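Peer 1: Model the following, please.
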Amino acid sequence: MLGVGSAVGAVFAWFWSGYTWIKSQREQRAQAEYKRKEELYKELLRSIGVFYSGRPSTDADMVRLLEQYRLSWLYAPDDVVKGLNHALEILRVEVPSAERNREGGQRLSAVFAAIRQDLFQTVGKETELAIADFKHFS
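Peer 2: Residues are numbered from 1 along each chain as shown. Alright, predicted model coming up:
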């Protein structure tokens, strides 16, 4: 016959193993979500070259950017999508390429900051970097 101490220990061990299993599953899901978002954001960021080039963008460049923009509606939080909307507005009007690069770069800083914030929140981390911390080099 088990003693009371043994029974309490067994119940505690059972609850503890359940707690650690749930915590482990939550962390694994967060890491998987982070990797999924990271891959999607990488593709989005690779497609924004139209803001940096001194030449007019090709149709293929714009198609790729717009495809990534549409996909962002499926996985990105509101601030990323709104930042993309704001950045893409500059491509809709005739703006000299030097001005487009400068203004587009400023608008993209907000997008990059929002992406970083989203990725860090996914894994429960914080970032101290702000919009002004992102520098554009081309």
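
Peer 1: Could you grab the helix/strand/coil label for the residue nearest to the spatial centre of the chain?
Peer 2: The geometric centre of the chain, computed from its C-alpha atoms, lies nearest to Ile115 (Cα atoms, centre = their mean), at 3.5 Å. Three-state assignment for Ile115 (DSSP: H, G, I helix; E, B strand; the rest coil): helix.

Peer 1: so what's it closest to, chain neighbours aside?
Peer 2: Tyr41 (5.2 Å; Cβ to Cβ, 6 or more residues apart in numbering). Every C-beta, even on glycine, is put in place using the N, C-alpha and C of the backbone.

Peer 1: Where does that neighbour fall, secondary structure wise?
Peer 2: Following DSSP states H and E, one finds Tyr41 within helix 4-46.

Peer 1: What helices and strands are in contact with that helix?
Peer 2: helix 59-75, helix 97-122 (3 or more Cβ pairs under 8 Å, 6 or more residues apart in numbering; DSSP states H and E).
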